[in-house]
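Q: only geometry, no sequence info:
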């Protein structure tokens, strides 16, 4: 502790300054009281007039999931024993393997006092390492140690396990030891690793700063009783899942100021006089977890420390026997976008409190000016267009995109962006952070051409994607599938869905999930055969119930346009044959007890449609469905099934320039029809029509996507808690087609 004569600051006296008189001694108490007054005023202003939280444009102290939920990551720990100050860092400039192992500019170094430093990588196995890649590590001021990875250490080249990486590091390094993450960890975000762009957060007027990003288990106070005792604060306790059942924990920020002397910082000794003239106050913070808590500690609680400031950061849901902490388990509680706006503004304009607004609740998805302008013209407001994953090469979107089991919007498409060969790609919008837009997943396929994807979201969180392995009507083309988590589905083993022997081409796959079955529809083509087939697959045990694809339609169908959708355990199917639209209900569960028996196909219906090149099915229930189609000469038609009775109608304001019809229904029963309207060979808009759930009438079309280029292949989806979203492709970059997304606002 510093040597002070006395402390004279008393906030109750409301002093705002200290005035030094002439001809009197200068004493430490006056100087220190002046500093205390200034510090108290700044903290009081920030607390009472700015509030808690992170500033606009800053993402400091967001609690997010570690890669793999913290399982099978790489942790580097100094081998020094109880050093005064321990550090571990990765030299990014001389480490070709750093990024693959999760060591980047924001996450390249860690330090701890009185205990070995721990640096945790933000990536999980499999690691895309190849022979000759290097990792350069420096610990505790010693010389750098470089690990060169060898192919002999990997069971699979380009897919090293965490155990293999840790073994390779431990075989070469002496100043650090590598270990494999076992879960019970998460990431504390900050900035990009520089002071200028650090993450910031105010807690009762105290500004906490995080330059980079770090793991919960890499904090200086984590399981460090020696440092906690030296600082006079509680230790940061390790995390653990509950022994049984479920539990909700509170993740919160603890901020305080502590005294630093020359024993810790030698620069405080003036080299010209050789004594410590002053000590410093340093802002410290720790992220802690209150097991079973929903509020931060308050005076009288056993974990409350006087002089500390606390702020909720996230709510953490834990399950027994689950050490991995995945993103859906974390709910962000930080107040955000602090910019000194009047606290009544949110209440006056949005009907919610300022506290709710700052924590991200009750916020409009579109600014009010754009919303009002849209409503004044009788249209629905929508968000700005979001590029999904732009890159050179033609991107083609069909109707394969899905909403996964965790509520994420997964866009699936084909693209020739790699070596001019079509592959299947995907990107995901995180429902917890839609402001971060889409994250592109690793490519699902590689090698030869793959196209025409179909996808379903499985209840266990996996995504299943099927595709054809060559061009349309090419001899020997097969339909294959992969299933797994989106982040690793590209590494999964292909399984055949339809691989009929030459010269038949299996192609144009479609898929829908009904209960424990995924039903695939594929088009077989040869010089004598043009026909739709089906094959049922039970996703719960990875078993095909049909040994080979089974014929669904009559032969002679040169058109490859089929769409399907499931509801109530059945799959509704519609396809065109050039002269008619054919529809049916497909119940994959047979009436008998044998699941291999044929399915029940009923509610069949045919209607004349000379075009029907574009069909779309909206499954409403086990007995009701809508089918929208392009009927060629008249515009857009609707076939409606109500408990087995079919009727047809025409969309009143549609005509021959309308196409690509798609449907979606929101929670209140309103049906939205999004279609393309061809204005010229180089100008196509997307338009939206609404059907009232009360009258059943269709409102006039509104221009939804307008641009001086081509917009086409719309695919609307209902995303839980995020409303209606639209995916489509556009060539607005004047280079090639890319995929775009936007949210359609139906409620504020």
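A: Perfect, thanks for sending it. Just so you know, these numbers come straight off a predicted model, no measurement behind them.
Q: all helices in the protein, in order from the N-terminus.
A: Using DSSP state H, the helices of the chain run over 28-45, 162-172, 225-231, 344-350, 354-358, 368-376.
Q: who wins for proximity to residue 79 among the ones you listed?
A: helix 162-172 (10.3 Å; C-beta to C-beta). (Each C-beta comes from the backbone N, C-alpha and C, glycine too.)
Q: So which bits of the closest one are buried?
A: 162, 164, 165, 166, 168, 169 (16 or more other C-beta atoms under 10 Å).
Q: Give me the helix or strand of the chain that scores worst on average pLDDT.
A: Of all helical and strand segments in the chain, the minimum by mean pLDDT, DSSP states H and E falls on helix 344-350, at a mean of 76.
Q: Mind putting the helices of the chain into CSV with distance to residue 217?
A: Formatted as CSV, those follow (distance: least, C-beta to C-beta, whole Å):
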stretch, distance to residue 217
helix 28-45, 30
helix 162-172, 15
helix 225-231, 15
helix 344-350, 37
helix 354-358, 29
helix 368-376, 43
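Q: got the contact list for the least confident helix or strand of the chain?
A: If you take C-beta atoms under 8 Å, 6 or more residues apart in numbering as the criterion, helix 344-350 is touched by 352, 353, 354, 356, 357, 362, 363, 364, 368, 748.
Q: can you rerun that using 7 Å?
A: By C-beta atoms under 7 Å, 6 or more residues apart in numbering, the surrounding residues in contact with helix 344-350 are 352, 353, 354, 357, 362, 364, 368.
Q: And stretch 167-180, by the same measure?
A: 72, 74-79, 88, 135, 137, 139-140, 142, 145, 147, 149, 153, 162-163, 166.
Q: change it to 8 Å
A: Looking at what lies outside stretch 167-180 - C-beta under 8 Å, 6+ apart - the contacts are 72-80, 88, 135, 137-140, 142, 145-150, 153, 162-163, 165-166.
Q: Report the buried members of those.
A: 72-78, 80, 88, 135, 137-140, 145, 147, 149, 162, 165-166.
Q: Show me those residues that map onto strands.
A: Among these, DSSP state E puts 72-78, 88, 135, 137-139, 145, 147 in strands.
Q: quick one: which of these is nearest to residue 58?
A: Using C-beta to C-beta, these come closest to residue 58 at residue 73, 25.8 Å.
Q: what's near enough to touch residue 108?
A: 89, 90, 92, 98, 119, 193, 212.
Q: Reformat those as CSV; add neighbour count and pLDDT.
A: Formatted as CSV, these follow (neighbours: other C-beta atoms under 10 Å; pLDDT from 0 to 100):
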residue, neighbour count, pLDDT
89, 18, 98
90, 26, 98
92, 15, 97
98, 24, 97
119, 26, 97
193, 17, 92
212, 20, 95
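Q: hang on, the earlier thing: would you show me how to pick out the buried ones of the contacts of helix 344-350 in PyMOL?
A: Typed into PyMOL, the line below selects the buried ones among those, using 16+ other C-beta under 10 Å:
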select buried, resi 354+357
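Q: circling back to that earlier point, show me which pair in the ones in strands among the buried ones among the contacts of stretch 167-180 is furthest apart.
A: It's 72 and 138 that sit farthest apart of these, by C-beta to C-beta, at 24.7 Å.
Q: Give the residue spans of the stretch 501-650 of the chain that score low on pLDDT.
A: 612 (pLDDT under 70).
Q: picking that back up, for the least confident helix or strand of the chain, buried residues please.
A: 346, 350.
Q: Quickly note the distance from the closest residue to residue 634 other than its chain neighbours to residue 684.
A: Distances taken as C-beta to C-beta, 6 or more residues apart in numbering put residue 650 closest to residue 634, at 5.9 Å, once the chain neighbours are dropped. Counting by C-beta to C-beta, to the nearest Å, the gap from residue 650 to residue 684 is 21 Å.
Q: out of the two, which sits in the busier spot?
A: residue 684 (21 against 14; other C-beta atoms under 10 Å).
Q: Quick check: the more buried one touching residue 675?
A: No. Here residue 684 does not reach residue 675: they are 10.4 Å apart, not a contact under C-beta atoms under 8 Å.
Q: Can you list the strands that the longest strand seen in the chain pairs with?
A: Counting residues, the longest strand found in the chain (DSSP E) is strand 246-260. If you go by DSSP bridges, strand 246-260 pairs up with strand 280-290 (antiparallel), strand 309-319 (antiparallel).
Q: The residue nearest to residue 634: what's it in contact with?
A: So residue 650 contacts 631, 634, 635, 636, 637, 638 (C-beta under 8 Å, 6+ apart).
Q: can you give me the strands for the stretch 401-550 of the chain?
A: Assigned strands in the stretch 401-550 of the chain, in chain order: 402-403, 409-418, 421-429, 438-440, 451-457, 463-468, 479-484, 495-498, 505-514, 517-525, 530-538, 543-544, 550-551 (criterion: DSSP state E, counting those that start in this stretch).
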